[in-house]
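Asks: got a sequence here, can you build the structure:
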Amino acid sequence: MEGQKSSLDEPGKSASSKWGRELPALGMENGNASSGMVLLTVDELAARLRVKPSWVYTHADDLGGYRLGKYLRFSWARVIERLEHATGTPQLGRQPNAPS
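Replies: Numbering: from 1, shown residues only. The predicted structure is shown next:
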């Protein structure tokens, strides 16, 4: 494979996973996340959502997770979008059990 360039070698290009889903370009130039999206691990996402990592694994497809081989990664913006779409209304910033 020497001498062959993949789409990951060129900043700003997206890569396709083996499941055919487009992965957004990460905006990595010289190893620095310049303007690209930051991907969260299962543990990082679980901490932000205040749920157990097993819940994140169970709902990975609903949350828009990216499968990178044996790894799962998540875009926070995409997770928020998916959660809001699933409930039909924006829920962020609202206190649990607070009157509407």
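
Asks: quick one: the strands in this structure?
Replies: All strands of the chain, identified by DSSP state E, fall at 15-16, 22-23, 28-29, 32-33, 39-40, 66-68, 71-75.

Asks: export only the CA atoms of the lengthiest helix in the chain, formatted as CSV.
Replies: If each helix of the chain is counted by residues according to DSSP state H, the longest one is helix 76-87. Extracted in CSV, the C-alpha atoms of helix 76-87 (Å, rounded to 0.1, in the frame of the first residue of the first chain):
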residue,chain,number,x,y,z
TRP,A,76,-21.7,16.0,20.6
ALA,A,77,-23.6,18.2,18.1
ARG,A,78,-25.0,15.1,16.3
VAL,A,79,-26.0,13.5,19.7
ILE,A,80,-27.9,16.6,20.7
GLU,A,81,-29.6,16.8,17.3
ARG,A,82,-30.6,13.2,17.6
LEU,A,83,-31.9,13.6,21.1
GLU,A,84,-33.9,16.7,20.2
HIS,A,85,-35.4,15.0,17.1
ALA,A,86,-36.3,11.9,19.1
THR,A,87,-38.3,13.9,21.7
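
Asks: that one to strand 71-75, inter-axis angle?
Replies: 80 degrees (axes from the mean of the first three to the mean of the last three C-alpha atoms, to 10 degrees).

Asks: now helix 76-87: mean pLDDT?
Replies: Averaged over helix 76-87, pLDDT sits at 91.

Asks: and stretch 63-82, which residues are buried?
Replies: L63, G64, G65, Y66, L72, R73, F74, S75, R78, V79, I80, R82 (16 or more other C-beta atoms under 10 Å). From N, CA and C alone the C-beta is placed, and that goes for glycine too.

Asks: start to end distance for stretch 55-62?
Replies: Stretch 55-62 has an end-to-end distance of 11 Å (C-alpha to C-alpha, to the nearest Å).
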